[in-house]
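> What would the 3D arrangement of this be:
(2 chains)
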Amino acid sequence: MQKFLSVHNISKFFGNFQALKDVSFGVDESEFVCILGPSGCGKTTLLRVIAGLETQSDGTISQNNKDISLLPPDQRDFGIVFQSYALFPNLSVKNNIAFGLKTRKQNKETINHRVNELLELVGLSDHINKFSAQLSGGEQQRVALARALAPSPNLLLLDEPLSALDAKVRQYLRLEIKNLQKKLGVTTIMVTHDQEEALTMADRIILMNKGIIEQEGSPYDLYSNPQTSFAANFIGTTNLLEANKVSINQIEINGSILECNETINENSVTITIRPEDIKINPDTNEKNIFQGVIKELEFLGSLFRGLVEVDFKSQKTNLRCQFSSEYILQNNIKKNNAISISLQPAALKVIKK
Amino acid sequence: MKKSRDDYLTILFISVTAIYMLIALAFPMYAILSKGLQNKDGVFIGFENYINYFESPSLVYSIYNSLFVSITTTFITVTLAFVFAYALTRSCMIGKTIFRSIAMIPILLPSLLAGIALVYLFGNQGIIKGLLFGYEIYGPIGIIIAEVFYTFPHALLIIIIALSIADARLYEAATVLRSKSIRTFFTITIPSAKYGLISAIFVVFTLVITDFGIPKVIGGQFNVLAVDIYKQVVGQQNFQMGAVVSVVLIIPAVIAFIVDRIVQRKQVAVLTSRSVVYEPKKNKNFDSAMFAYCCFISFFIFTILGMCFFASFVTFWPYNMSLSLDNYQFDLMDGGGWDSYYNSIRMACYTAVFGTIIVFSGAYFVEKSRGLKKGRSILHFLSMIPMAIPGMVLGLAYIFFFNHPNNPLNFLYGTMAILVICTITHFYTVSHLTALTALKQIDNEFEHVGSSLKQPFYKTFFRVTLPISLPAIFEIGIYFFVNAMTTVSAVVFIYSFNTTLASVAVLNMDDQGDIAAAAAMGMMIFYTNVSVRVAYVLLTKKILVKFQSWRHVSSEKIQATT
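Model (predicted):
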C-alpha cells in the first residue's frame, strides 16, 4: 500500500551547508511520527520542507498519492503548531480558532459551532473570549492546536510544541495530545529534541543526526536495539565498549572473554549495554561476572546512579550503572565499596558501525 | 516552487514599490550626477566643471567652512546632549518627563526659525547684542548656535536609547568589586553607550553639513556648501555648477551614512534578554546638579522659542514695540500669503497618508514576504539611500529629472504631487526603519500560520499585522507630517506659484527683510505641529484603546505578576 505521506531523497542546502542529505521516509495514515534529534540535525528544516515553508534543493514529497513537492504552503493540506504558538495577540481565542474557517463561505452559526466543538475538545470552553496574553503557556498551546485542527486538515505538523512549557504541564500535555491524536485519527508529524517526549508519544520515531536519518522504528525498538552508537547514546544513557570477536557468540573486551546472545560476524565490533541492565552482586551462577569498585554514587529518588570501575583483565574500565535505592540502602553500599557486577549476555547489543 | 496567488501579489507589490523608488530616487539621482559632467548645452565634457569648481577659491573655501561649522556643532551638541541624556536616564531628579518634552521642541520648528531668533537677540538691533563682546552673530557663531539648537533633540534621542540599555548587573559587579564611580563611568557607561555616541556624532554632522535654512538666514558672508547650491541655481541659474557642488556635498553625507549603518548593526547585540534594567539611585548633590543643568538647557530652548513668539507680535521692531497681529497679515506680504500655510497643511497631510502607506507596505514586503530574496534586498537597499542624500541635492535632482522636456512624467512638475513625492522620499529611511523595527517584533510565524490555514496573506496583514503595528504606523504618520511642515531644503527648488509652502515663505519673507512676518509664519508651523502632537497623544489614549485592548490585558498581567 502506498504511504499517506512519502518523502523521497530530500536534500536541502543553505549556501554551502547541507542541512538535509538524501532523506527518505514514509508515514502511514493516522500514524504519530516523531522526528527526533539534537539541535542542528535538520529536523525542523525537514518539517518546514514538508509544510512548503522551505523549498527542498532536491527530492520529492507526495501526500495522498499527489505530488506536492512544488506546491506553496497555502495549497497543501496541513495544520501546524509552532514552538512559539504564534497566536494572534490582538484576536480573541474564538477569533484565533475561527481564522482558518472564514473564507470557506461558511455561515456564522457553522463557524461558532465548530469553534465550540474544538474548544470543548481541548478543554478550554471557558476561555472563548480571552486574549492569548491572559492564558497560561499550556492553554495557549492548546488554543494553537485547536486553531491548527479547525479546518480539519489531514496532516498535523507540530514543531517542538511542548518545549516552552514547565515540566509538569509538559507531561500532562503529552498525554493530552497523544489521546487527541488517537481520537481524531489525524496523521501527525512532531519534531522534538526531547527523547522522553518522543518515546512516550510516538508510534514511530525517526532519529536524525547531521542531516541524515540514523535509525527509524518504534520507541521500544530504538531503545532496545540501537543500530548506531549515536542512536544508543542519544536515546537513554548507555555504555559503549570496543570488542573483538572470539567466536560466533563470544567477544573479548579489554582482555576478558564475555558471552553474548547475538551472533558476531565481524572481527571488531562496538557493544552497548544500558546502565539498568548491569546487575549488582549477582548470583554466582550468572554469566559475565566481574569485580569492581563504586567510584561515584548519586541519589535520584527511586534509584541510584553510579559509576563502577570494572576489573577487566588487561584494563580497568568505568561503566555507568543504575541500581534500585532499596538495594543500596538495605545493604548499606557506599562510595569506594567493592562489589561484583554481571553483564548479562542478553543485554549486550552489537552496534552496526 | 509553483507560484500561488499570494506570490503573484507579492511580486506585484514589490515591483510597484521598487518602481516608485526608481522614479522618486534612482532616476533623479542619475540625472544630477550626469548633469555635472555636461556643459550648458547638455554636451558631455567630462570633469571640466569639477576642474572649474576646484579652481575657484571662493567656492572651494565653502568646503572648509562647511566642515568647520559641522565639526564644531557636532562636538558641542553631542556633549550637551550626552549630559542631558545622562540626567534623564541615570539620575533621580524631578521633572524628567517635562525636560524630555522641552528638549523635543526644536523638532517641531523649521530650522531657520532658530536663526531668526538669534537675529532678534544678537543682530544689529538685537536686545542682548552686548553679550557677544563685539563679535558678529552673522557668520559661524550664529550658524553654530542655531545648529546646536536644531540638532539637539536628534542627538538626545539616540543617546537616551544608548544609555537606557544599561545592564544593571554590570554596575552591581562594579560596586561589589569596589570600583570608584569615575572608573565605573569610563569602563562601563561609556563603552556600553559607545555605539550610540558614534551614531549621534554622525547624525548631527550630516544634519549640519546638509542644512540650508540656518546658514541662509544667519550666515551673512560666510558661505557653506548647501547655500552655494542654492546660490548657483536660484541666483546664477548655473545648474551644472549646482550639480557639481551637490556631488561634493554628497560625499561627506555618504561617508557619515555608511559609518552610521555599520555602527548601528553592532549596536544590536549589546542587550540580551537576560539583562537587568538599571535603576538609578538617589544622590542629592548629583540629582540637584543635573536638575540645574537641565533647567539651563531648557532656558536656552525657551529663549529661542520665546524670542520668536514675542517678535511675531511686535508691530514694528524696534520702533513700535506695541503688540499686534500685524505680522500675521501674510496676504499683505511676499511669500504666498496664507495660501502657503494652507498648502503646507495639505502637503503635510498627503505626505503623512501616502508616505505611511508606501513606507509601511514597502517595509512589510521587505520583512515578511516569502521568497523573492533579491527583490526584497534591492527594495531594502533603495529604502536606505535617501538618508544619505541631502535635501538640497534631492530637490535639484528633481528639477533635472522631472523638468526634462522629454520626460513623460513632466506633467508632475510644478504640482502638489511632486512636492509630496519629494518629501516622502526625503524622509523615507527613518520611517522605513521605524516600520521595520515594529515588524521585526512580530512573530514571523504569523504569516506561515495564515497560509497553513489557507488564508491569503492580505487577510493576515489586515486582521493581525496591521492592528498590532498601529502605534508604529501613527508614529510614522506624525513624523512625516511634522517634517513636511518644517522642511525647506528639498522643496525650495520645486515649489511653484500655485504651491508655495509655509516653510519656504519663512525663508522668502526673511530674504525680503520681513523678519517679523517670517517669525510669525514659523510660529504658525510650530503651533500646527504642537497641535498635531497633542492630538496624537489624545488619540493614542482614547481611540487606540479600542484596537489595542489586548495590549492592556498583557500589561495588567505583567503588573500582577511583578
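> So what does the closest residue in space to A:Leu180 that isn't next to it in sequence have for phi and psi?
On the basis of Cβ to Cβ, 6 or more residues apart in numbering or on different chains, the spatially nearest residue to A:Leu180 that is not a chain neighbour turns out to be A:Leu121, at 6.8 Å. (Each C-beta comes from the backbone N, C-alpha and C, glycine too.) A:Leu121 adopts backbone torsions of phi -60, psi -40, taken as degrees, to the nearest 10.
> For A:Leu121, give me the pLDDT.
Note on A:Leu121: pLDDT of 89.
> Isn't it up against A:Ala146?
Yes: with contacts defined as Cβ atoms under 8 Å, A:Leu121 counts as touching A:Ala146 at a distance of 6.8 Å.
> Comparing those two, which residue is more hemmed in?
Neighbours were tallied for A:Leu121 and for A:Ala146 using other Cβ atoms under 10 Å in any protein chain shown; the higher tally belongs to A:Ala146 (25 against 16).
> how near is the closest residue in space to that one that isn't next to it in sequence to chain B?
By the measure of Cβ to Cβ, 6+ apart, the closest residue to A:Ala146 outside its immediate chain neighbours is A:Leu118, 4.1 Å from it. Counting by Cβ to the nearest Cβ, to the nearest Å, the separation of A:Leu118 from chain B is 13 Å.
> Who are the contact partners of A:Leu118?
Applying Cβ atoms under 8 Å, 6 or more residues apart in numbering or on different chains, we find A:Leu118 in contact with A:97, A:146, A:149-150.
> Within range of chain A, give me the residues from the stretch 401-550 of chain B.
If contact is defined as Cβ under 8 Å from any Cβ of the partner chain, the residues of the stretch 401-550 of chain B in contact with chain A are B:443, B:445-446, B:448-456, B:459, B:463-464, B:467-468, B:547-550.
> Mind doing that once more with 6 Å?
Counting by Cβ under 6 Å from any Cβ of the partner chain, the stretch 401-550 of chain B comes close to chain A at B:443, B:445-446, B:448-449, B:451-454, B:464, B:467-468, B:550.
> Just put those residues in TSV and tack on secondary structure.
Compiled in TSV, these are given as follows (DSSP: H, G, I helix; E, B strand; the rest coil):
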residue	secondary structure
B:Asp443	coil
B:Glu445	helix
B:Phe446	helix
B:His448	helix
B:Val449	helix
B:Ser451	helix
B:Ser452	helix
B:Leu453	coil
B:Lys454	coil
B:Val464	helix
B:Pro467	helix
B:Ile468	helix
B:Trp550	helix
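> Measure how buried the closest residue to chain B within the stretch 151-300 of chain A is and give me the count.
For the stretch 151-300 of chain A, the nearest residue to chain B under the criterion Cβ to the nearest Cβ is A:Pro151, separated by 6.3 Å. As a burial measure, the neighbour count of A:Pro151 was computed by other Cβ under 10 Å and equals 19.
> Let me know the secondary structure of it.
State at A:Pro151, reduced to three classes by three-state DSSP: coil.
> what's the average pLDDT for stretch B:63-76?
Mean pLDDT, stretch B:63-76: 95.
> Please save the CA atoms from it in PDB.
Output for stretch B:63-76, consisting of C-alpha atoms alone and laid out as PDB, is shown next (Å, rounded to 0.1, in the frame of the first residue of the first chain):
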ATOM      1  CA  ILE B  63      34.100  73.100   1.800                       C
ATOM      2  CA  TYR B  64      36.400  74.300   4.700                       C
ATOM      3  CA  ASN B  65      33.600  76.400   6.100                       C
ATOM      4  CA  SER B  66      31.100  73.600   6.000                       C
ATOM      5  CA  LEU B  67      33.400  71.200   7.700                       C
ATOM      6  CA  PHE B  68      34.300  73.700  10.300                       C
ATOM      7  CA  VAL B  69      30.800  74.500  11.400                       C
ATOM      8  CA  SER B  70      29.700  70.900  11.200                       C
ATOM      9  CA  ILE B  71      32.500  69.500  13.300                       C
ATOM     10  CA  THR B  72      32.300  72.300  15.900                       C
ATOM     11  CA  THR B  73      28.500  71.900  16.200                       C
ATOM     12  CA  THR B  74      28.800  68.100  16.400                       C
ATOM     13  CA  PHE B  75      31.200  68.400  19.300                       C
ATOM     14  CA  ILE B  76      29.100  70.900  21.200                       C
END
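> How far away from the center of its chain is that stretch?
On the basis of Cα atoms, centre = their mean, to the nearest Å, the separation between the geometric centre of stretch B:63-76 and that of its chain is 19 Å.
> In terms of helices and strands, where is the spatially closest residue to B:Leu25 that is not a sequence neighbour?
Closest residue in space to B:Leu25, ignoring its immediate chain neighbours: B:Thr425 at 5.5 Å, by Cβ to Cβ, 6+ apart. Taking DSSP states H and E as the criterion, B:Thr425 maps to helix B:416-426.
> what stretches of the stretch 201-350 of chain B score poorly on pLDDT?
Under the criterion of pLDDT under 70, the regions of the stretch 201-350 of chain B flagged as low confidence span B:267-276, B:335.
> Which positions in the helix or strand hosting the residue nearest to A:Ala146 come out as buried?
Secondary structure here is read from DSSP H and E; on that basis A:Leu118 sits in helix A:108-121. Using 16 or more other Cβ atoms under 10 Å in any protein chain shown as the burial criterion, the residues of helix A:108-121 that qualify are A:111, A:114-115, A:118-119, A:121.
> Tell me the gap between it and the middle of its chain.
Distance of helix A:108-121 from its chain centroid, counting by Cα atoms, centre = their mean, is 33 Å.
> okay, A:Thr237: pLDDT?
Per-residue pLDDT puts A:Thr237 at 89.
> Tell me the secondary structure at it.
Taken by three-state DSSP, the conformation at A:Thr237 corresponds to coil.
> Quick one: residues contacting the closest residue to the residue of the stretch 151-300 of chain A closest to chain B other than its chain neighbours.
On the basis of Cβ to Cβ, 6+ apart, the spatially nearest residue to A:Pro151 that is not a chain neighbour turns out to be A:Gly100, at 4.6 Å. When the contact criterion is Cβ atoms under 6 Å, 6 or more residues apart in numbering or on different chains, the partners of A:Gly100 are A:150-151, B:453.
> got it, and A:Ser62?
Contact analysis of A:Ser62 by Cβ under 6 Å, 6+ apart lists A:Ser6.
> do that again at 7 Å, thanks
Residues in contact with A:Ser62 (Cβ atoms under 7 Å, 6 or more residues apart in numbering or on different chains) are A:6, A:68.
> Quick one: mean pLDDT for stretch A:70-79?
Taken as a whole, stretch A:70-79 has an average pLDDT of 90.
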